[in-house]
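Visitor: Fold the following.
(one chain, ligands or ions: 1)
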Amino acid sequence: MPIKNGEQYIAGIDKGGAQVWVDGNRVTGAISEHSAFRGVVSTQAELYDMQGADEYLSRMTYESPTSGDVVGLSFLRPQSKRDLRRRREMMTLWAGRHHGFLGRAPDYMNTVVMAFGAAWKLLAESNPMYGDNMRRYYEHCRENDITLSHAFIVPHAGRMSSFLKTLEQPDAPRVEETNKDGIVVSGAFLLATQAATADEILIFPAPLPSAQEVNPHAFAFAVPSGLPGIRYICRESFAAGTSEFDYPLSSRYEEMDTLVVFDRVLVPHDRVFLCGDEDMAYRFTEESRFHTHATHQVLCRNIAKTEFMLGVIEGIIKLLGLRTYTQVVEKAAEAIAGLETLKALLVASEAGARKDRWGTMLPSPGPLYTANYLYPKMYPRLVEIVQLLGASGIVVIPSEADFHSDIGGDLHRYLKGIETDAKSRVGLFRLAWDLSASSFAGRQTLYERFFFGDSVKVASRLYSGYTDKEKFAKKVAKLVPGLGRENASSRVRRSGGKTDDCM
Ligand SMILES: Cc1cc2nc3c(=O)[nH]c(=O)nc-3n(C[C@H](O)[C@H](O)[C@H](O)COP(=O)(O)OP(=O)(O)OC[C@H]3O[C@@H](n4cnc5c(N)ncnc54)[C@H](O)[C@@H]3O)c2cc1C
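Guide: As a prediction, this is how the structure comes out:
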């Protein structure tokens, strides 16, 4: 099947039969029509329509190497710097359409599954069937334009401190049994964004330690979202209403987060990528380089989001006539400097790309992980700048209904701007509210802070892979007698990383 369009995406979600719970009630009707999902489903449908439109087709798709069908470019396994550029252009087009607010637009997981698929041979070391499954799953996603969600972390009740290695945790997700049809999995996964609005879910938790040789907590697989025994328990919806005037962002881009519960779910053997091999789970996470490829996608999205933030900042400056205040200009300049830094890092990541051991053109991790490190700090600051410049304008934001009521005249008279009518002025501030102060805004900030792991993990990913630091230390050591001497064992310890891990 070639790329899907929006209508096909919606039909797939509605027919998928996922068991979704919102506010204590099971969603019984069409997911796409439920108020918690309507906006985001419609936005994602727009993305799928976009890739098939004449205007974009050549920039957003390519010919499948197996079927010859037209498939999505974010599935393309890059073999050259040109391929990386094509991927970036495609991802930038989608990010520009949702202004970076969809952290889980389909290209995110398309990229992850591409990286996993490229590294299938590693899984084959654990079991040839697992390698084969991964390779075929990537092709399945690409050929059927599968919309994929994922859950990589488990609830706190199921986590285990390393010093409790000898104990088993009853609440930790686990493989309960293996039978002729597949593996039976029970337990919960803490968080899957957009799981209720995706065709399938990929599960790959960091394995908890186990006293058993075949670790029941070490597994990875992907299944249809509606497989019997899976429940998706949604948080409260932040799509506060359907009016695009009142809630310009949350009405369109609210991505639901869910707790995913597996209740003796039978995962067919051909969907299992790893089972029991704790060491391989860690190795595959690192050596598939999916973090690096995914960060390339993330950076395209962050740039689109920062451009949008800058647009709002400039809109407020113009509206309130703030351009002559140097403290205001300085804040806008900070946003510009942030944006330009991200853009430079993206270019640098492609310029420094080289093939990894899977034969995939890997963007340079150094600039990407730097962006990954900076953005969780940059984004909350951009939000703060919007608040600082918008001030009371961000709270005096009557609704569309107010404008159409008997007090509409007051609003038109007293809320107009210097050169702007009241409704446009309030419209911009309602957007600034949704961007900086609403529940949707708070969740967006939390997302940017955590979606790729907490700051400790992000920092250690940057630090540990940054081999140049040793070169610099040697330069310093030349000027400090005795500092450069090290014993052989510390040299061995420090050269433990794979060669393509270098930044
Ligand atoms: C909005 C949102 C959407 C998300 N979507 C997804 C998704 O779709 N799929 C998915 O798999 N995950 C998703 N995540 C989860 C994300 O991967 C995690 O939030 C992240 O890995 C951090 O884990 P945690 O939330 O359990 O924090 P915790 O591990 O509970 O950490 C809490 C605090 O303790 C600190 N801390 C924890 N351990 C240590 C330590 N050893 N040393 C020092 N400090 C420590 C952390 O830095 C943090 O400040 C999402 C998260 C958010 C917020």
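Visitor: in its sheet, what does the host helix or strand of residue 232 sit against?
Guide: Using DSSP states H and E, residue 232 sits within strand 230-234. Paired neighbours of strand 230-234 in the sheet (DSSP bridges): strand 19-22 (parallel), strand 257-268 (antiparallel).
Visitor: Let me see the mean pLDDT of the first one.
Guide: Confidence over strand 19-22, taken as the mean pLDDT, stands at 98.
Visitor: So what's the gap between that strand and the chain middle?
Guide: Strand 19-22 sits 22 Å away from the centroid of its parent chain (CA atoms, centre = their mean, to the nearest Å).
Visitor: follow-up on the earlier one: tell me which helix or strand comes right after the strand holding residue 232.
Guide: Next along the chain after strand 230-234, taking DSSP H and E as the criterion, comes helix 250-253.
Visitor: who are the neighbours of the strand or helix carrying residue 116, in terms of helices and strands?
Guide: Using DSSP H and E, residue 116 maps to helix 106-118. Using 3 or more CB pairs under 8 Å, 6 or more residues apart in numbering; DSSP states H and E, the elements in contact with helix 106-118 are helix 38-52, strand 70-72, helix 81-98, helix 128-144, strand 148-151, strand 200-203, helix 290-320. Heads up, the C-betas are built off the backbone N, CA and C, glycines and all.
Visitor: Would you convert the ones you listed into CSV that also reports mean pLDDT and mean neighbour count?
Guide: Shown next, in CSV, are those (pLDDT from 0 to 100; neighbours: other CB atoms under 10 Å):
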stretch, mean pLDDT, mean neighbour count
helix 38-52, 97, 20
strand 70-72, 98, 23
helix 81-98, 98, 20
helix 128-144, 98, 20
strand 148-151, 98, 24
strand 200-203, 98, 26
helix 290-320, 97, 22
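Visitor: partners of whichever residue of the stretch 251-400 of the chain sits closest to the ligand in the sheet?
Guide: Residue of the stretch 251-400 of the chain nearest the ligand, by CB to the nearest ligand atom: residue 257 (5.2 Å). Residue 257 has these beta-bridge partners by DSSP bridges: residue 193.
Visitor: What parts of the stretch 151-300 of the chain come near the ligand?
Guide: Contact residues (CB under 6 Å from any ligand atom) of the stretch 151-300 of the chain with the ligand: 151-153, 191-193, 257.
Visitor: Between the helices and strands packed on helix 106-118, which one is closest to residue 109.
Guide: Taking CB to CB, strand 148-151 is the member of these nearest to residue 109, at 3.9 Å.
Visitor: And the helix or strand following that closest one, what's buried?
Guide: Counting by DSSP H and E, the next helix or strand C-terminal to strand 148-151 is strand 174-178. Buried residues in strand 174-178, counting neighbours by 16 or more other CB atoms under 10 Å, are found at 174-175, 178.
Visitor: got the angle between strand 174-178 and strand 257-268?
Guide: Inter-element angle recorded for strand 174-178 and strand 257-268: 20 degrees (by axes from the mean of the first three to the mean of the last three CA atoms, to 10 degrees).
Visitor: now for strand 174-178, which elements pack on it?
Guide: For strand 174-178, the elements it packs on are strand 182-193, judged by 3+ CB pairs under 8 Å, 6+ apart.
Visitor: what's the angle between the strand it packs on and helix 106-118?
Guide: Going by the same axes, to 10 degrees, strand 182-193 makes 140 degrees with helix 106-118.
Visitor: Test my guess that residue 290 contacts residue 112.
Guide: Yes. Counting by CB atoms under 8 Å, residue 290 does reach residue 112; the two are 5.2 Å apart.
Visitor: Okay, now the unreliable bits of the stretch 301-450 of the chain?
Guide: For the stretch 301-450 of the chain, applying pLDDT under 70 flags no range at all.
Visitor: for it, what spans make up the helices?
Guide: Remark: helices assigned in the stretch 301-450 of the chain by DSSP state H, counting those that start in this stretch are 326-351, 365-390, 400-403, 408-414, 422-436, 439-450.
Visitor: Turn these into JSON lines, columns for distance to the ligand and mean neighbour count.
Guide: Formatted as JSON lines, the helices of the stretch 301-450 of the chain follow (distance: least, CB to the nearest ligand atom, whole Å; neighbours: other CB atoms under 10 Å):
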{"stretch": "helix 326-351", "distance to the ligand": "20", "mean neighbour count": "16"}
{"stretch": "helix 365-390", "distance to the ligand": "11", "mean neighbour count": "21"}
{"stretch": "helix 400-403", "distance to the ligand": "28", "mean neighbour count": "16"}
{"stretch": "helix 408-414", "distance to the ligand": "35", "mean neighbour count": "13"}
{"stretch": "helix 422-436", "distance to the ligand": "16", "mean neighbour count": "23"}
{"stretch": "helix 439-450", "distance to the ligand": "4", "mean neighbour count": "18"}
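Visitor: Kindly reformat those as CSV containing distance to residue 55.
Guide: Converted to CSV, the helices of the stretch 301-450 of the chain look like this (distance: least, CB to CB, whole Å):
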stretch, distance to residue 55
helix 326-351, 24
helix 365-390, 29
helix 400-403, 32
helix 408-414, 38
helix 422-436, 26
helix 439-450, 29
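Visitor: That concludes my questions; thank you for your assistance.
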